[in-house]
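>>> could you work out the structure for the sequence below:
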Amino acid sequence: MSKQGLASVGIALKIDSKELNYVQEIGDIGGTPSDLDATCLKDQMKKHVPGVQDTSAFEVTYLFDNSATDSDFRTVKAAQNAGTIKTVEVAFPDGTKFTSSGYISTYVVGAKVDELITAKLVVNLQSDWVVTNPGV
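Got it, this is the predicted structure:
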């Protein structure tokens, strides 16, 4: 029997098999197709067909730290500096995995008083998300 909901505790994110340690938020996985107008002069109502899937960029918020060679910021910055397409994997606690690929970039988000400094990882996706079901 399936569960009634799944907590976000334990979600893991990897870039080219290197797991990030301090992820706080991930963006949408997937997207909707564009809406192509297929209305003809004889139609009494507008008709639409799905077009190209629009996933936009996949964004991740993580805690900034640059104090160690294996810090999340250095890992992401190295992926950005490589300038090549990298694999991105998101693993859910139930064993579901979502994998895609794209160009990586990162930047430090503006800071305020009494807040932790965060950074943003942006993946300009170059492929659709592939879903691996638990137990496969």
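>>> give me the distance from the biggest strand by length in the chain to the chain's centre.
If you go by DSSP state E, the chain has its longest strand at strand 97-108. From the chain centre to the centre of strand 97-108 is a distance of 6 Å (CA atoms, centre = their mean, to the nearest Å).
>>> quick one: contacts of that strand?
Residues outside strand 97-108 that contact it (CB atoms under 8 Å, 6 or more residues apart in numbering) are 15, 29, 57-58, 64, 73, 76-77, 79-80, 82-92, 117-132. No exception for glycine: its C-beta is placed from N, CA and C like everyone else's.
>>> any quick PyMOL command for the buried ones out of the residues you listed?
A single PyMOL command is used to select the members of the contacts of strand 97-108 judged buried by 16 or more other CB atoms under 10 Å:
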select buried, resi 15+58+64+73+76+77+79+80+85+86+88+89+90+91+92+118+119+120+121+122+123+125+129
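>>> partners of the most centrally placed residue in the chain in the sheet?
Nearest residue to the geometric centre of the chain (CA atoms, centre = their mean): residue 58, 3.6 Å. Per DSSP bridges, the residues bridged to residue 58 are residue 123.
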